[in-house]
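A.B. asks: show me how the following folds:
(one chain, ligands or ions: 2)
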Amino acid sequence: MEGVDHLAFERNKAQFDVDEMKIVWAGSREDFELSDRISRLVASDPVFRKDDRAALGRKELFKNTLRKAAHAWKRVIELRLSGEFSALEPEAYKLRAFVDQPAFTDLHWGMFVPAIQGQGTDEQQQKWLPLAYRMQIIGCYAQTELGHGSNVQGLETTATFDPKTDEFVIHSPTLTSSKWWPGGLGKVSTHAVVYARLIIDGQDYGVHGFIVQLRSLDDHLPLPGITIGDIGMKFGNAAYNTMDNGVLTFDHVRIPRNQMLMRVSQVTREGKYVHSNVPRQLVYGTMVYVRQKIVADASVALSRAVCIATRYSAVRRQFGSHNGGLETQVIDYKTQQSRLFPLLASAYAFRFVGEWLLWLYTDVTERLKAKDFSTLPEAHACTAGLKSLTTTATADGIEECRKLCGGHGYLCSSGLPELFAVYVPACTYEGDNIVLLLQVARHLVKTVSQLSTGNKPVGTTAYMARLEQLLQYHSDVKKAEDWLKPNVVLEAFEARAARMCVACAQNLSKFSNPEEGFQELAADLVEAAVAHCQLIVVSNVYALSLLHKHLGDFISTGCIDPKQGSLANEQLRNLYSQVRPNAVALVDAYNYTDHYLGSILGRYDGNVYPKLYEEAWKDPLNDSIVPDGFKEYIQPLLKQQLRNARL
Ligand SMILES: CCCCCCCC/C=C\CCCCCCCC(=O)SCCNC(=O)CCNC(=O)[C@H](O)C(C)(C)COP(=O)(O)OP(=O)(O)OC[C@H]1O[C@@H](n2cnc3c(N)ncnc32)[C@H](O)[C@@H]1OP(=O)(O)O
Ligand SMILES: Cc1cc2nc3c(=O)[nH]c(=O)nc-3n(C[C@H](O)[C@H](O)[C@H](O)COP(=O)(O)OP(=O)(O)OC[C@H]3O[C@@H](n4cnc5c(N)ncnc54)[C@H](O)[C@@H]3O)c2cc1C
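C.D. replies: Ligands and ions are numbered 1, 2, ... in the order given. Next up, the predicted model:
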């Protein structure tokens, strides 16, 4: 019935203060109040309705997205929200909170602006950032090409310096050099940061960033030498098709020399290449920035799915009725808990590790300003590894939440199919997850190889300094509750990661050609990298469910024995019983509006069945009793069959 809270009985079981947890989840009271205010504004604004997306064609869907983005920008200005979040939060988050679907603004604010902030000189920032902040230009990040995405050093687009005119000539020499994938590029962006090979006097200096105007600011038509368009439909119905991922080729397009981003390296008027003594990898800085953002974004996406699946698991009853009594809530089945509660824990774990990663990223950014590059490898390994770990776990977790909701989880009105379709490319964009884990593995193997040189490992690899002890380690767990002690869990995870890493390093040393060895052992290296990244994220419930899932590693590396493994599993079951009465309250703490969740199964009031039934009739297929096509194709067949039968 309308207005009745069908989940009140669940909410009354909570053993903690939900309002306090809402502040913890939001990060601070002011962030909670602001995001609460925005989400309610959005829910009450008809421009931001989401329930019609599944029925729109691509052009309508895209036009609707532009309308939403424009309205969101107007609202951000009207409400003077611009700049209200902590200084680090670009406008993207405010717009993303309003628009809540992939849109060109993600890349304008999330990559184009950060690329200029990170790789532009002060003069270049003074010139371009005010235009971008006021959205007088709209930018994108054009790095990936048809032939290369992971291998940035393999990019083919060229930027050839012409000393006669003091310009760079941007050119696409081959079909595979076509820029391909950049979000916002296909139909909207007026400018791009283009990554191209810098060529001076026939010499190739590698990949650098260039600001290139793509379209006229008067009539939005492509400039001379520019061929540009959308790359076509992507996975899912609405999903990422609200974004114009584009294709772009250059035919000898000229730009002024001062449009090469020159914070990291410069080209003088005479055509001399100057590379200040900073790591060339600073040109990758924008990717590092977005990877750390993607970790926080993973906790948001996973928590949305977990919120839906938890509330619905408390509403859904199946089997277990005795003499006509109520059937059992599916959330009471241990199998449902063993699938759902680790995801609930993961959402919180990723939320907190995202905060830690933001601290690490902010710290490395400050150090870079002081030319201190000492933590750059750690920042790269952590952002790459945690982006990979959290996006894989989140994509798998959203799909698991769909399955936890049974048949109704497969309805668009559950919100889960759309959430999955929008989310899964996160395992690929900003770095394919395997390629990134191999980067982590490089860092770990290098750390182990340097131990003998007295190089003290720091940061997240500091545990490697205790290698001797960790190689002798065997857990002294005697009873299930021993697994509740954080140091007991941490030591097991440290020992597992250290042993897997050392095993790889030892096997690598058997190869005369290290690169060949690395390729041959890549699968083991990826597993060692995962073990290291899981160690970074580890928290109690999350940790024990991981330990149970990867029990083979822990036993084969000798860290624990089968008996201790079964004690961990016993403790896990005990934890599930402790989580159970708090489950609905823990997802209420995310403070998501029904509008934001976009899910009938995840409604705050749990009033699922009447709303599912009501929603079904809105489908356009139900506009007519007899569907189009029936009389044309099926009825003649039926009548023919009936005639045949009477003969
Ligand atoms: C809403 C606001 C928006 C914000 C975000 C909101 C949340 C998100 C939600 C929704 C919006 C998202 C929208 C989607 C956006 C998608 C955009 C894109 O996809 S943009 C393209 C991404 N492309 C890649 O990521 C390529 C991946 N490839 C690479 O990064 C490189 O090719 C790599 C690292 C694989 C190899 O690079 P090598 O070949 O130059 O380097 P090697 O030889 O492997 O290493 C040399 C040394 O450099 C270090 N290194 C490599 N990369 C580094 C880095 N980034 N930083 C520091 N050091 C690095 C290495 O550790 C190594 O160090 P030693 O020599 O061993 O000590
Ligand atoms: C939705 C979406 C949005 C995007 N937005 C942008 C954008 O705005 N700007 C932009 O520049 N790009 C963007 N991209 C492109 C994206 O960054 C690339 O697709 C991504 O970096 C992966 O590169 P790739 O496509 O070349 O994959 P590949 O590297 O070709 O991957 C194919 C397979 O090869 C494997 N592989 C590759 N190299 C190795 C290796 N050395 N060892 C082992 N296995 C390997 C991978 O693991 C994978 O299984 C976007 C992509 C998507 C899907």
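A.B. asks: going forward, measure contacts and count neighbours with C-alpha atoms only.
C.D. replies: Fine.
A.B. asks: what's the domain layout of the chain?
C.D. replies: 139-279, 283-454+481-583 (automatic domain parsing).
A.B. asks: now tabulate these in CSV and tack on distance to Tyr633, mean neighbour count and mean pLDDT.
C.D. replies: Shown next, in CSV, are these (distance: least, Cα to Cα, whole Å; neighbours: other Cα atoms under 10 Å; pLDDT from 0 to 100):
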stretch, distance to Tyr633, mean neighbour count, mean pLDDT
domain 139-279, 27, 20, 97
domain 283-454+481-583, 28, 20, 95
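A.B. asks: a markdown table for these, including distance to ligand 2?
C.D. replies: Below are the domains of the chain laid out as a markdown table (distance: least, Cα to the nearest ligand atom, whole Å):
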| stretch | distance to ligand 2 |
| --- | --- |
| domain 139-279 | 3 |
| domain 283-454+481-583 | 4 |
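A.B. asks: ok, which of those comes nearest ligand 1?
C.D. replies: Closest approach to ligand 1 among the domains of the chain (Cα to the nearest ligand atom): domain 283-454+481-583, 3.3 Å.
A.B. asks: make JSON lines out of the domains of the chain and add distance to Leu597.
C.D. replies: As requested, those are arranged in JSON lines below (distance: least, Cα to Cα, whole Å):
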{"stretch": "domain 139-279", "distance to Leu597": "14"}
{"stretch": "domain 283-454+481-583", "distance to Leu597": "6"}
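A.B. asks: and of those domains, who's closest to Asp51?
C.D. replies: domain 283-454+481-583 (8.0 Å; Cα to Cα).
A.B. asks: does the closest one reach ligand 1?
C.D. replies: Yes - using Cα under 6 Å from any ligand atom, domain 283-454+481-583 reaches ligand 1 at 284-285, 287-288, 290, 293-294, 297, 376-377, 380, 429-431, 435.
A.B. asks: start to end distance for that domain?
C.D. replies: 44 Å (Cα to Cα, to the nearest Å).
A.B. asks: same check, this time on stretch 470-478
C.D. replies: End-to-end for stretch 470-478, by Cα to Cα: 19 Å.
A.B. asks: repeat that for stretch 547-559.
C.D. replies: 11 Å.
A.B. asks: one more: stretch 158-166?
C.D. replies: First-to-last distance for stretch 158-166 - Cα to Cα - comes to 16 Å.
A.B. asks: can you check stretch 547-557 too?
C.D. replies: End to end - Cα to Cα - stretch 547-557 spans 13 Å.
A.B. asks: now stretch 190-208
C.D. replies: Across stretch 190-208, first to last residue, Cα to Cα, it's 20 Å.
A.B. asks: use 47 as the first number from now on
C.D. replies: Taking 47 as the first residue, the last one we looked at is stretch 236-254.
A.B. asks: distance from the chain centre to that stretch, please.
C.D. replies: Here stretch 236-254 is found 28 Å from its chain centre; the criterion is Cα atoms, centre = their mean, to the nearest Å.
A.B. asks: before we move on, what about stretch 428-446?
C.D. replies: Taking Cα atoms, centre = their mean, the mean C-alpha location of stretch 428-446 is offset from the chain mean by 7 Å.
A.B. asks: which other residues reach it?
C.D. replies: With contact meaning Cα atoms under 8 Å, 6 or more residues apart in numbering, stretch 428-446 is reached by 334, 337-338, 340-341, 344-345, 347-348, 351-352, 385, 389, 396, 403, 462, 465-466, 469-470, 472-473, 477-480, 482-483, 485-486, 575-576, 579-580.
A.B. asks: just stretch 333-347 next, same as before
C.D. replies: 156-157, 160, 392-397, 399-401, 403-404, 407, 425-426, 429-430, 432-433, 436-437, 440, 444, 465, 469, 472, 476.
A.B. asks: what helix or strand is Ser359 on?
C.D. replies: Element membership for Ser359, per DSSP states H and E: helix 331-361.
A.B. asks: now for whichever helix or strand comes after that helix, which elements pack on it?
C.D. replies: Per DSSP H and E, helix 331-361 leads on to helix 380-415 as the next helix or strand towards the C-terminus. On a contact count with 3 or more Cα pairs under 8 Å, 6 or more residues apart in numbering; DSSP states H and E, helix 380-415 meets helix 331-361, helix 422-450, helix 568-583, helix 586-595, helix 608-625.
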